[in-house]
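Enquirer: Next comes the sequence, and after it the predicted model I'd like to discuss.
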Amino acid sequence: MNHAAISWWQEGILYQIYPRSFQDSNGDGIGDLPGIIDRMLYLRDLGVDAIWLSPVFPSPMADFGYDISNYQGVDPIFGTLDDFDALVAAAHASNLKVILDLVPNHTSDQHPWFIESRSSRDNPKRDWYLWREPRADGAAPNNWMSEFGGSAWKYDAGTKQYYYHAFLAQQPDLNWRKPAVRQAIYDVMRFWFRKGVDGFRVDVLWHLIKDAEFRDNPPNPNFRPGRPPHEALLPLYSTDRPEILDVVTEMRRVVDEFSDRVLIGEIYLPVDRLVAYYGKDLTGAHLPFNFALLSTPWNARAIAKLIEDYESALPAAAWPNWVLGNHDRPRVASRVGQAQARVAAMLLLTLRGTPTLYYCDEIGMQQVAISSDQVRDPFEKNVPGIGVGRDGCRTPMQWDAGVHGGFTTGEPWLPLANNYVRENVANLSADTRSILNLYRALIELRKATPELMAGSYAPVAATGDLLAYRREYEGNALLIVLNLGADPILIGSDTMAFPGEILLSTNLDRSGETVSGGLDLRGDEGLIMRLR
Ligand code: GLC
């Protein structure tokens, strides 16, 4: 592989910002675009290459911006279009790309398109959304369920039909079989590309096309009580329909009208279906997000297997990617524990393919406890008490030990973790062995090391808590060994190819050590080694 020929989104590191919680600049307790601009230096020093912003468009905020009422503006909570232009300019001046969230599956019910659509059955925009007759007894047209609880159909008394909403009733689904809808969204993409945006992360990409006949979804035989109610059905007819690939290919063509832009898809599907979104001959998404690490049991054998499954499912020349956290899932440090969060960081930044970091994970942030009167997330409000709430992973960034962690001078919209006085960017920067400095070291090493950025991946046989693999580039090899358990592991030279030299330990205390006969891996330790 020619390293020089790979694109920024292949060799780069993506960083997701949840704008409400990154940095507030005006004291209203909610993060905003000027706040992000103020923190550009931090992002540059961290060493990431692109920032992806969760939605900043005008929105009634029923789903915190994933309910958009105007695709071509900025919500006043976050700033203005001028602020947005300034953000792109500041990011680009710092060599950072800017990726926006495109939410094409649904609009807000306050979007003018939907207001028109629901105004009468013969409105020209009526079929921009999914309207169906009630069943004979007045019931919803079929059994499809909303991901946020209850039926996915809402009856409109004015026009005596139901409309479909995969999420909240305030998020009606657009009709992606309608060419005018597609063109309208493609024009939205062009609008932002002309503003200099470098790519899109497409929200729920696998949801866009629904069964033309709206057949009932079958029951899920593996449904377990305590899981969200919509999982009682398999979303066979409401998601991942074959026709979706035409849409993805069309979107990619829009992306390719501009130079050097990226198309990323949010897709929660088993790996064999996920990789279909690369499209025929890679004409689909550049990066269908790989969320396998978000839900895997944290043990070496399970992870070795999922890497293997993913690597072997990838179409030829498709570029892999890995995600460790996002605004919908519990924080990695809470999923795997504080000690393993360091191992997870090394895993993410040494696997083959583009890594995506989620803000605050680099400071080892835990899920923040949210009391019932603090709940903001509509998912938790609709389906309370079973642990689906997403507020705990969306809390404000902890910058320093000052009031509200330096996030805001006002009342933060969600509480900060009560450990913020200790666990914050300023403190952790000063602590040479902190997780933040581990992230920085890993990022720096990755960027300086073609084996990590662009090399091949090969698993190394291991047992128990040990996960091991090699990355090779132009005849040079690295060995990565990760201890997923708390007990030390002694690795003999009979099982791994030594000698070598340690480049980095997750404890940040072994760089330069040479390894010949055997290797002592401490509990919860990961090492990157250059093999001689
Ligand atoms: C995606 C977003 C999530 C949102 C949902 C509906 O899964 O990541 O935050 O609630 O889509 O737009």
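Expert: Now that the structure is in, tell me what you want to look at.
Enquirer: drop to CA atoms for contacts and neighbour counts, all remaining ones
Expert: Noted.
Enquirer: where's whichever residue of the chain sits closest to the ligand relative to Pro355, distance?
Expert: Proximity of the chain to the ligand (Cα to the nearest ligand atom) peaks at Tyr66, 4.5 Å away. From Tyr66 across to Pro355, the span is 23 Å (Cα to Cα, to the nearest Å).
Enquirer: Equivalent analysis for Ala166, please.
Expert: From Ala166 to Pro355 the distance is 29 Å (Cα to Cα).
Enquirer: Spatially, and excluding backbone neighbours, which residue is closest to the residue most central in space within the chain.
Expert: Nearest to the mean C-alpha position of the chain, by Cα atoms, centre = their mean, lies Asn326 at 4.6 Å. Excluding the flanking residues, the one nearest Asn326 by Cα to Cα, 6 or more residues apart in numbering is Tyr358, at 5.5 Å.
Enquirer: The chain against the ligand: which residues are in contact?
Expert: Asp63, Tyr66, Phe167, Asp203, Val204, Asp328 (Cα under 6 Å from any ligand atom).
Enquirer: Adding secondary structure, neighbour count and pLDDT, write these out as JSON lines.
Expert: Shown next, in JSON lines, are the residues of the chain next to the ligand (DSSP: H, G, I helix; E, B strand; the rest coil; neighbours: other Cα atoms under 10 Å; pLDDT from 0 to 100):
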{"residue": "Asp63", "secondary structure": "coil", "neighbour count": "18", "pLDDT": "98"}
{"residue": "Tyr66", "secondary structure": "coil", "neighbour count": "26", "pLDDT": "98"}
{"residue": "Phe167", "secondary structure": "coil", "neighbour count": "25", "pLDDT": "98"}
{"residue": "Asp203", "secondary structure": "coil", "neighbour count": "21", "pLDDT": "98"}
{"residue": "Val204", "secondary structure": "coil", "neighbour count": "18", "pLDDT": "98"}
{"residue": "Asp328", "secondary structure": "coil", "neighbour count": "13", "pLDDT": "98"}
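Enquirer: ok, how many other residues are close to the nearest residue to Gly226 once chain neighbours are set aside?
Expert: Excluding the flanking residues, the one nearest Gly226 by Cα to Cα, 6+ apart is Ile386, at 6.1 Å. When neighbours are counted by other Cα atoms under 10 Å, Ile386 registers 11.
Enquirer: Secondary structure element holding Ile386?
Expert: In this structure, Ile386 sits in neither a helix nor a strand according to DSSP states H and E.
Enquirer: Report the contact partners of it.
Expert: Gly226, Arg227, Pro228 (Cα atoms under 8 Å, 6 or more residues apart in numbering).
Enquirer: count of residues packed around the last one?
Expert: Look at Pro228: counted by other Cα under 10 Å, it has 18 neighbours.
Enquirer: could you show me where the strands are in the stretch 301-450 of the chain, in order?
Expert: In the stretch 301-450 of the chain, the strands defined using DSSP state E, counting those that start in this stretch lie at 321-323, 354-358.
Enquirer: which of those strands sits most buried?
Expert: Of all these, strand 354-358 carries the top mean neighbour count, a mean of 25, counting by mean count of other Cα atoms under 10 Å.
Enquirer: Let's see that one as PDB, backbone CA atoms only.
Expert: What follows is strand 354-358 as a C-alpha-only set of coordinates in PDB (Å, rounded to 0.1, in the frame of the first residue of the first chain):
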ATOM      1  CA  THR A 354      -9.900   5.100  11.400                       C
ATOM      2  CA  PRO A 355     -10.500   5.600  15.100                       C
ATOM      3  CA  THR A 356     -13.400   7.800  16.400                       C
ATOM      4  CA  LEU A 357     -13.000   9.300  19.900                       C
ATOM      5  CA  TYR A 358     -15.900  10.600  21.900                       C
END
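Enquirer: need the longest helix for the protein.
Expert: helix 179-194 (DSSP state H).
Enquirer: next one: it to chain centre, how far?
Expert: Offset of helix 179-194 from its chain centre (Cα atoms, centre = their mean, to the nearest Å): 23 Å.
Enquirer: Would you mark the buried spots in that helix?
Expert: By neighbour count on 16 or more other Cα atoms under 10 Å, the buried set for helix 179-194 is Val181, Arg182, Ile185, Tyr186, Val188, Met189, Arg190, Trp192, Phe193.
Enquirer: just checking, the first one touches Asn175?
Expert: Just to be clear, that refers to Val181. Yes - at 6.9 Å, Val181 counts as touching Asn175 under the criterion of Cα atoms under 8 Å.
Enquirer: Any chance you could list residues touching both of the two?
Expert: Common contacts of Val181 and Asn175 (Cα under 8 Å, 6+ apart): Trp128.
Enquirer: could you measure the residue nearest to Ile244 when sequence neighbours are not counted against Met453, distance?
Expert: Excluding its sequence neighbours, the residue lying closest to Ile244 (Cα to Cα, 6+ apart) is Ile209, at 5.7 Å. Going from Ile209 to Met453 by Cα to Cα gives 35 Å.
Enquirer: repeat for Val375
Expert: Applying Cα to Cα to Val375 and Met453 gives a distance of 40 Å.
Enquirer: So which of those two has more stuff around it?
Expert: Taking other Cα under 10 Å, Val375 and Met453 do not tie; Met453 has more neighbours (25 against 17).
Enquirer: my read: the more buried one touches Glu444, true?
Expert: No - contact between Met453 and Glu444 fails when scored by Cα under 8 Å: they sit 11.0 Å apart.
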